[in-house]
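J.: Predicted coordinates and the sequence they were generated for:
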Amino acid sequence: MKFTLLGSGNTGMLPVYGCDCIACQRASEQPQYRRQKTSALIEHNGKQLLLDANCDDLLQRFPSGSIDRILLTHYHMDHVHGLFDLRWGVGERIAVDGPPDEQGCDDLFKHSGLLDFQPPLMAFQTFEWQGIQITPLPMQHSKICFGYCFTYPVQNSSQSQKQQKRLAYLTDTVGLPADTQAWLAQYDIDVLLVDCNHSPKYLALTNHKAKKNHNDLNDVLDIVAAIKPKQTRLIHISHELECWAMRHPEAFNTEYKLGYDGEVFD
């Protein structure tokens, strides 16, 4: 199983249009610091599964016939806008899985075209794709949203037996529901990819008038303390968090740090 972060930023991406903060200036000058909207690609057994569909170059990046399945976290526009172009393609239909949201996004369900929307996934009901066990996990967001835990077997050469590895992808949430946190805490999580849109200073910067719909760094620390993953990468990153991280490099280490576009987990 190969897991690639296609994007690690929030809706505003990086650099943010018109912004001259230190993070946006750096991203403008150095392409490796640019961030597209958070999404991912899973490759296994010669098949490709898209985790959300919001790449600006989705149609060019994934030629016809290369996408085996699409797995959606939720139906906010910044996570599904690529589907609005993809649906008018020709060829074999592409299966799309997602949470039980009857509204979906705009007219995607009414005019699905190439997209073959499957019956809604249900929380904690594990299903299989290419030998990988996928468990939908409820998030806390303004629209019904699922994170996902991917469990996959690996061969232990020293013991000649298979073991299970787990990668948890938890984007678009503020904190975690108690049942989701308890479910994750019972397992060894090898890699945690978790929403962190805001710095610890976010509410102070907005005079506590802003409504949080995403984690800040303190929320993430609480999640990490409860789950105890081996590695943590922050995703859905804003330029405000990036500025804070540039000023506070001591807050991060090799096991706990910001994710980046193109990062790969094998």
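T.: Arrived safely, thanks for sending. Residues are numbered from 1 along each chain as shown.

J.: Residue 215 touches residue 172, doesn't it?
T.: No: checked against CB atoms under 8 Å, the pair residue 215 and residue 172 is beyond contact range at 9.4 Å. In short, each C-beta sits where N, CA and C put it, glycine included.

J.: So which bits of the helix or strand harbouring residue 162 are buried?
T.: Assessed by DSSP states H and E, residue 162 sits inside strand 161-170. Buried residues in strand 161-170, counted by 16 or more other CB atoms under 10 Å: 165-170.

J.: Let me see the mean pLDDT of it.
T.: Strand 161-170 carries an average pLDDT of 90.

J.: Which positions in whichever helix in the chain runs longest come out as buried?
T.: Using DSSP state H to define each element, the chain has its longest helix at helix 217-227. By neighbour count with 16+ other CB under 10 Å, helix 217-227 contains the buried residues 217, 219-221, 223-224, 227.

J.: what bridges to the residue lying closest to residue 54 once chain neighbours are set aside?
T.: Sequence neighbours aside, residue 37 is the residue nearest to residue 54 in space, at 4.6 Å (criterion: CB to CB, 6 or more residues apart in numbering). Taking DSSP bridges as the rule, residue 37 bridges to residue 9.

J.: Read off the pLDDT value for residue 37.
T.: The predicted local confidence for residue 37 is 98.

J.: What residues does it make contact with?
T.: With contact set as CB atoms under 8 Å, 6 or more residues apart in numbering, residue 37 has these partners: 7, 9-11, 13, 54-55, 78-79.

J.: that older thread, just send the buried residues of strand 161-170 back as JSON lines, with distance to residue 112 too.
T.: Formatted as JSON lines, the buried residues of strand 161-170 follow (distance: CB to CB, whole Å):
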{"residue": "165", "distance to residue 112": "34"}
{"residue": "166", "distance to residue 112": "32"}
{"residue": "167", "distance to residue 112": "29"}
{"residue": "168", "distance to residue 112": "29"}
{"residue": "169", "distance to residue 112": "25"}
{"residue": "170", "distance to residue 112": "27"}
